[in-house]
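Colleague: no FASTA, just this:
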(Lines give C-alpha, C1' and ligand atoms only; values in the text may rest on other atoms or scores of the structure.)
Protein backbone atom coordinates (compact mmCIF):
# COMPACT_ATOMS: atom_id res chain seq x y z
CA UNK A 1 0.00 0.00 0.00
CA UNK A 2 1.27 3.47 -0.82
CA UNK A 3 2.55 5.63 2.04
CA UNK A 4 0.13 8.44 1.24
CA UNK A 5 -2.83 6.07 1.58
CA UNK A 6 -1.54 4.83 4.95
CA UNK A 7 -1.04 8.42 6.09
CA UNK A 8 -4.58 9.33 5.01
CA UNK A 9 -6.01 6.32 6.87
CA UNK A 10 -4.04 7.27 9.98
CA UNK A 11 -5.31 10.85 9.83
CA UNK A 12 -8.86 9.59 9.34
CA UNK A 13 -8.55 7.40 12.44
CA UNK A 14 -7.09 10.35 14.36
CA UNK A 15 -10.01 12.60 13.40
CA UNK A 16 -12.50 9.86 14.34
CA UNK A 17 -10.85 9.48 17.74
CA UNK A 18 -10.89 13.22 18.38
CA UNK A 19 -14.55 13.39 17.33
CA UNK A 20 -15.35 10.50 19.68
CA UNK A 21 -14.11 12.42 22.71
CA UNK A 22 -14.89 15.98 21.59
CA UNK A 23 -18.43 15.17 20.42
CA UNK A 24 -20.09 15.48 23.83
CA UNK A 25 -18.21 18.70 24.55
CA UNK A 26 -19.47 20.17 21.29
CA UNK A 27 -23.03 18.94 21.89
CA UNK A 28 -23.22 16.29 19.17
CA UNK A 29 -24.29 13.49 21.53
CA UNK A 30 -24.64 13.05 25.27
CA UNK A 31 -23.88 9.34 25.77
CA UNK A 32 -22.46 6.55 23.71
CA UNK A 33 -25.40 4.60 22.25
CA UNK A 34 -23.53 1.28 22.47
CA UNK A 35 -22.13 1.32 26.01
CA UNK A 36 -24.38 4.00 27.56
CA UNK A 37 -21.49 5.94 29.08
CA UNK A 38 -19.96 9.30 28.27
CA UNK A 39 -16.91 8.96 26.02
CA UNK A 40 -14.98 11.45 28.15
CA UNK A 41 -15.57 9.25 31.21
CA UNK A 42 -14.47 6.20 29.22
CA UNK A 43 -11.28 8.02 28.21
CA UNK A 44 -10.53 9.01 31.81
CA UNK A 45 -11.10 5.45 33.00
CA UNK A 46 -8.95 4.03 30.21
CA UNK A 47 -6.16 6.55 30.80
CA UNK A 48 -6.08 6.00 34.55
CA UNK A 49 -5.90 2.25 34.02
CA UNK A 50 -3.15 2.28 31.41
CA UNK A 51 -0.95 5.13 32.62
CA UNK A 52 1.17 2.93 34.88
CA UNK A 53 1.60 0.27 32.20
CA UNK A 54 2.60 2.92 29.69
CA UNK A 55 5.28 4.17 32.08
CA UNK A 56 6.58 0.65 32.61
CA UNK A 57 6.79 -0.16 28.90
CA UNK A 58 8.22 3.23 27.98
CA UNK A 59 10.87 2.85 30.66
CA UNK A 60 11.76 -0.63 29.41
CA UNK A 61 12.07 0.59 25.82
CA UNK A 62 14.33 3.48 26.84
CA UNK A 63 16.49 1.19 28.97
CA UNK A 64 16.70 -1.37 26.16
CA UNK A 65 17.70 1.24 23.57
CA UNK A 66 20.38 2.64 25.87
CA UNK A 67 21.66 -0.87 26.65
CA UNK A 68 21.98 -1.56 22.93
CA UNK A 69 23.81 1.75 22.46
CA UNK A 70 26.27 0.81 25.20
CA UNK A 71 26.86 -2.60 23.63
CA UNK A 72 27.39 -0.99 20.24
CA UNK A 73 29.85 1.54 21.70
CA UNK A 74 31.76 -1.28 23.43
CA UNK A 75 32.02 -3.25 20.16
CA UNK A 76 33.23 -0.15 18.34
CA UNK A 77 36.01 0.35 20.89
CA UNK A 78 37.38 -3.13 20.31
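Modeller: Yes, it's here. Given the structure is predicted, the values throughout are model-derived calculations rather than measurements. Numbering: from 1, shown residues only.

Colleague: what's the offset of whichever strand or helix holds residue 19 from the middle of its chain?
Modeller: Under the criterion of DSSP states H and E, residue 19 resides in helix 3-26. Chain-centre distance of helix 3-26: 13 Å, with C-alpha atoms, centre = their mean, to the nearest Å.

Colleague: Which neighbouring elements make contact with the next helix-or-strand element following that helix?
Modeller: Proceeding N to C from helix 3-26, the next assigned helix or strand is helix 39-77, under DSSP H and E. For helix 39-77, the packing partners by 3 or more C-beta pairs under 8 Å, 6 or more residues apart in numbering; DSSP states H and E come out as helix 3-26. Where you see a C-beta, it was placed from the backbone N, CA and C, and this is true even at glycine.

Colleague: what's the angle between the helix it packs on and helix 39-77?
Modeller: Per axes from the mean of the first three to the mean of the last three C-alpha atoms, to 10 degrees, the angle that helix 3-26 makes with helix 39-77 is 140 degrees.

Colleague: In terms of secondary structure, what does helix 3-26 contact?
Modeller: Using 3+ C-beta pairs under 8 Å, 6+ apart as the test, helix 3-26 ends up in contact with helix 39-77.

Colleague: Residue 19 versus the residue most central in space within the chain, what's the distance?
Modeller: Most central in the chain under C-alpha atoms, centre = their mean is residue 54, positioned 9.3 Å from the mean C-alpha point. Distance, residue 54 to residue 19, using C-beta to C-beta, to the nearest Å: 23 Å.

Colleague: try residue 43
Modeller: 13 Å.

Colleague: ok, now residue 42?
Modeller: According to C-beta to C-beta, residue 42 and residue 19 sit 14 Å apart.

Colleague: do the same with residue 45
Modeller: Distance of residue 45 to residue 19, computed by C-beta to C-beta: 19 Å.

Colleague: Likewise for residue 53?
Modeller: When residue 53 is compared with residue 19 (using C-beta to C-beta), they lie 26 Å apart.

Colleague: next one: residue 38
Modeller: 14 Å.

Colleague: Comparing the two, which residue is more hemmed in?
Modeller: Just comparing residue 38 and residue 19: by other C-beta atoms under 10 Å the higher neighbour count belongs to residue 38, 16 against 12.
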